[in-house]
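Novice: next comes the sequence, and after it the predicted model I'd like to discuss.
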Amino acid sequence: MHQTGFRFNFMRYGKATLTLSAVLIVLSLLSLAFRGLNLGIDFTGGTLIERQLGRAATADEVRAVLTGEAVADLDLGSAVIQPLDDPRDVLIRTRPLASDEIDRVDAALAAAFGGVEVLRTELVGPVIGAELVRRALLAVALASLGILIYVSLRFEFKFAVAALVALLHDAIIATGAVSALGVEVNSPFIAAILTVVGYSLNATIVIFDRVRENRQLRPAEPLVDLLNRSLNATLARTIHTSATTLLTVLTLFLFGGSTLRDFILVLLVGLTVGTYSSIFVANPFWWLWKEREERGGREVSPAPVR
Amino acid sequence: MPRGNAIRILFILVILAATGLVLYRFPMQLGLDLQGGVHIVLEARETGGAAVTDEAIERAIAIIDRRVNALGVAEPVIQREGARRIVVELPGVTDQQQAIDVIGRTAQLEIKDPFGRTVLTGADLADARLGLDQFGRPAVDVEFTPEGTARFAQLTTLYVGQQIPHLLDGELLVAPVVQEPITSGRGQITGNFTHDEARNLAILLKAGALPVPLDVVEMRNVGPTLGQESIDRSLRAGIAGLVLVVLYLIMVYRLPGLLADVALGVYIMLVLALLAGLHATLTLPGIAGFILSVGMAVDANVIIYERIKDELRAGSKIRAAIRAGFHRAFRAILDANVTTLIAAGVLFYLGTGPVKGFAVTLSLGVVASMFTAIVVTRWLLAAAVEANPRGAARYFGVGEAA
């Protein structure tokens, strides 16, 4: 036999952790409803101008140039100006500008600060943003359906639903955290959420695989014990995999620079929540559903003795 | 060492050499976010005169291709996206305005008689190139087709001393006064052009007019400085992360950990060589997908090793433990990877640009990790056990005798 006995009684807190998750989801949804997301130009449409100026300049100096005579007709009063790590670097966000208008802004900046170097220019029309959202939602729906079918075939339908619940749980809470912290959301955010979802799914499947196996070995074992045994058996794997992943993400955080930091933040929150949910959401969810069904008594129990 | 093991080790070395060769022969293509350049998305607009058909889009792509070639951009990408969009990627180009001027303009040339009737269009031109006028200023030399030559001769014969307006996309370009009939089929368009303006006009006229007008719906321009900085940073972060993971595996699993690190090395070479060999472009989101797949490759080894430890603790001998460990771990790894592939497949199918790049590296990584984490690691472990059967169980830090 495999390990006998187990160290942690994970399922003892099953109802409490499910409640905690429900509260976090409600808070996330509230934040999304009332604070909303700080959408960047990838979603709203607009222009992003990142430049290295000839000399260090404050945001106010840059604003003075943008509202100055040379580009007064472009109506840049509402532009957002953000200083970057290097004091000569500046990030300007405006309404969608035509390419020749961007050239005029560059000329004005060059004249005021003694030169300008293009670091990055992005111009996104409003149509693109709407489409990005539509496609992302469609992708999540289709991927969920595919996963639901595959996991139902390889495991059972209830495992599939539990894995999806954990996955949506992570996506909602990570998005809620982004809303609450006011982090700007651009298309890399989608990649970050996808990474989180992939990771969470992987973790849940590995644990469910052990549950599936232990259930075949000991069909009569009460569900709580089955889950606890499986969770303990996979605990070392959970710890080592989380540790190596977090090491990688932390080095990205340290060496990745300011532009990547928002992206990494989403990953850090998401991966943590993902590890948590693979243990404390997917399993109790499946357990409570299964228990309820068995109390209903209609299911033919595979257990010969109880 | 038994022959089977020797052959397997040799095979692993061959893989390493082959992937190294591929990477040497086909350097990794970097996305515009890494190497710098201009990315433009154009959308065809429906007008009264021109419907947006498949044929119109294909023709527009061919014309843009000619224009881009005339600009002298190395390795441009011009692709259709969806029903009415065209994506143009110009590596190394820094001047987005010039790019848009050359690529996005319809460039419908019309030459009219003094009564405003169109006599000739851009389609009547056989050639156009940058030239100089009599004062040495930039101008565009044009040459008509035989049919165009005839009509231009007729036009200039009929209206000597009068103006014949030249319009580009409905705007007046020049309106020269005809001095004498021109029958040679050669002409020159002069005006107050700068060198760049004259060159762009020549490119536009030579490549021909777009069959439908195109609007710029998205434009991204990354300067070379930022691109280089992104490469440096991701390389530094990637190497630092990798070193930590390598050390962690050795710390936790000792010799088998080191073997897993070797398998991870094979894995990284394999994925990079696959990407380079398939001419895939590496972008920042692609790097994120790659890092996630490295995590999954490590995870596969962790799952296997924990299973082997379970077996050893339950009293199995080392060879049986390794066999059972791989066997039991396989199902979990397979199911986890297939579900990831399902998600990545959907993203590849539906995603654009950055999301697609993420999906490609993730899928390739998942498939490659099935081979390296399972097969390569197993070969290496088998060879290590052969070499030292007595100490083998202790490799895993479990005290049982072999």
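Specialist: All right, it came through fine. Numbers count the residues shown, from 1 in each chain, chains lettered A, B, ... in the order given.

Novice: so which strand or helix has the residue lying closest to B:Tyr305 once chain neighbours are set aside?
Specialist: In space, B:Tyr305 comes closest to B:Tyr253 once its chain neighbours are excluded; the distance is 5.4 Å by CB to CB, 6 or more residues apart in numbering or on different chains. The C-beta positions use only the backbone N, C-alpha and C, and glycine is treated the same way. Per DSSP states H and E: B:Tyr253 is located in helix B:224-277.

Novice: in chain B, which spans are strands?
Specialist: Taking DSSP state E as the criterion, chain B carries its strands at B:29-30, B:37-44, B:77-81, B:85-91, B:109-112, B:118-121, B:125-132, B:138-144, B:166-168, B:171-174, B:186-189, B:214-222, B:281-282.

Novice: let me see the mean pLDDT of the fifth one.
Specialist: In this case it means strand B:109-112. Average pLDDT, strand B:109-112: 91.

Novice: does anything pack onto that strand? Which helices or strands?
Specialist: strand B:118-121, strand B:166-168 (3 or more CB pairs under 8 Å, 6 or more residues apart in numbering or on different chains; DSSP states H and E).

Novice: tell me which of those strands sits most buried.
Specialist: Highest mean neighbour count among the helices and strands packed on strand B:109-112 (mean count of other CB atoms under 10 Å in any protein chain shown): strand B:166-168, with a mean of 19.

Novice: strands paired with that strand, and their directions?
Specialist: Note on strand B:166-168: by DSSP bridges, its sheet partners are strand B:109-112 (antiparallel), strand B:171-174 (antiparallel).

Novice: take these and write them to CSV, including mean neighbour count.
Specialist: Formatted as CSV, those follow (neighbours: other CB atoms under 10 Å in any protein chain shown):
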stretch, mean neighbour count
strand B:109-112, 22
strand B:171-174, 12
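
Novice: so which bits of the stretch 51-200 of chain B are right by chain A?
Specialist: B:Thr94, B:Gln96, B:Gln97, B:Ile100 (CB under 8 Å from any CB of the partner chain).

Novice: one more time with 10 Å, if that's ok
Specialist: B:Gly82, B:Arg85, B:Thr94, B:Asp95, B:Gln96, B:Gln97, B:Gln98, B:Ala99, B:Ile100, B:Asp101, B:Gly104 (CB under 10 Å from any CB of the partner chain).

Novice: of the helices and strands packed on strand B:109-112, which is nearest A:His240?
Specialist: Taking CB to CB, strand B:166-168 is the member of these nearest to A:His240, at 66.1 Å.

Novice: which other residues reach that closest one?
Specialist: Residues outside strand B:166-168 that contact it (CB atoms under 10 Å, 6 or more residues apart in numbering or on different chains) are B:105-112, B:116, B:118, B:120-122, B:142, B:172-176, B:187, B:189, B:191, B:201, B:204-205, B:209.

Novice: what mean pLDDT does it get?
Specialist: The predicted model gives strand B:166-168 an average pLDDT of 91.

Novice: just stretch A:142-161 next, same as before
Specialist: On average, stretch A:142-161 scores 92.

Novice: mind listing what's buried along it?
Specialist: A:142-144, A:146-148, A:150-151, A:154-156, A:158-161 (16 or more other CB atoms under 10 Å in any protein chain shown).

Novice: now the closest residue to B:Val298 other than its chain neighbours: how far from B:Lys309?
Specialist: Of all residues not flanking B:Val298 in the chain, A:Thr244 sits nearest, at 5.2 Å (CB to CB, 6+ apart). The gap separating A:Thr244 from B:Lys309 is 17 Å, by CB to CB, to the nearest Å.

Novice: walk me through the domains of chain B.
Specialist: For chain B, automatic domain parsing gives the domain ranges B:3-33+B:223-395, B:37-221.

Novice: out of those domains, deepest packed?
Specialist: domain B:3-33+B:223-395 (a mean of 20).

Novice: how long is that domain end to end?
Specialist: 23 Å (CA to CA, to the nearest Å).

Novice: quick one, phi psi at residue 165?
Specialist: With no chain named, the answer covers chain A. Backbone torsions of A:Val165, given as degrees, to the nearest 10, read phi -60, psi -40.

Novice: I was after chain B.
Specialist: phi -70, psi 140.

Novice: swap in A:Gly68?
Specialist: phi -70, psi 180.

Novice: isn't it right up against A:Ala111?
Specialist: Yes. Under the criterion of CB atoms under 10 Å, A:Gly68 makes contact with A:Ala111 at 9.5 Å.

Novice: could you find the closest non-adjacent residue to B:Leu274?
Specialist: B:Leu364 (5.2 Å).

Novice: same check, this time on B:Phe144
Specialist: In space, B:Phe144 is closest to B:Gly185, 4.5 Å off (CB to CB, 6+ apart).

Novice: what's around the closest residue to A:Leu181 other than its chain neighbours, how many residues?
Specialist: Leaving aside its sequence neighbours, A:Leu181 sits nearest to A:Leu265 (CB to CB, 6+ apart; 7.5 Å). Residues within reach of A:Leu265, counting by other CB atoms under 10 Å in any protein chain shown, total 18.

Novice: gap between A:Leu265 and chain B?
Specialist: According to CB to the nearest CB, to the nearest Å, A:Leu265 stands 14 Å off from chain B.

Novice: surely B:Val52 touches B:Gly82?
Specialist: No. B:Val52 lies out of contact with B:Gly82 (CB under 10 Å); the separation is 11.3 Å.

Novice: now do the shared contacts for these two.
Specialist: By the contact definition CB under 10 Å, 6+ apart, B:Val52 and B:Gly82 are jointly contacted by B:Glu43.

Novice: so for the helix holding B:Tyr253, mean pLDDT?
Specialist: Rounded mean pLDDT across helix B:224-277 is 89.

Novice: ditto for stretch B:121-136
Specialist: 89.

Novice: okay, that stretch in PDB with CA atoms only?
Specialist: Written as PDB, here are the backbone C-alpha positions of stretch B:121-136 (Å, rounded to 0.1, in the frame of the first residue of the first chain):
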ATOM      1  CA  THR B 121      -5.100  56.500 -64.500                       C
ATOM      2  CA  GLY B 122      -2.200  54.900 -62.600                       C
ATOM      3  CA  ALA B 123      -3.000  51.700 -64.400                       C
ATOM      4  CA  ASP B 124      -1.700  53.300 -67.600                       C
ATOM      5  CA  LEU B 125       1.800  53.600 -66.100                       C
ATOM      6  CA  ALA B 126       4.400  51.100 -67.000                       C
ATOM      7  CA  ASP B 127       7.100  52.500 -64.700                       C
ATOM      8  CA  ALA B 128       7.800  55.300 -62.200                       C
ATOM      9  CA  ARG B 129      11.100  56.200 -60.600                       C
ATOM     10  CA  LEU B 130      12.800  58.900 -58.700                       C
ATOM     11  CA  GLY B 131      14.400  61.500 -61.000                       C
ATOM     12  CA  LEU B 132      15.500  65.100 -61.100                       C
ATOM     13  CA  ASP B 133      13.900  68.000 -62.900                       C
ATOM     14  CA  GLN B 134      15.800  70.600 -65.000                       C
ATOM     15  CA  PHE B 135      16.600  72.500 -61.800                       C
ATOM     16  CA  GLY B 136      18.000  69.400 -60.100                       C
END
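
Novice: starting at the chain centroid, how far to it?
Specialist: Remark: stretch B:121-136 is offset 35 Å from the chain centroid, using CA atoms, centre = their mean, to the nearest Å.

Novice: one more: stretch A:160-167?
Specialist: For stretch A:160-167, the distance to the chain centre is 16 Å (CA atoms, centre = their mean).

Novice: stretch B:323-339 too?
Specialist: With CA atoms, centre = their mean as the basis, the mean position of stretch B:323-339 lies at 34 Å from the chain mean.
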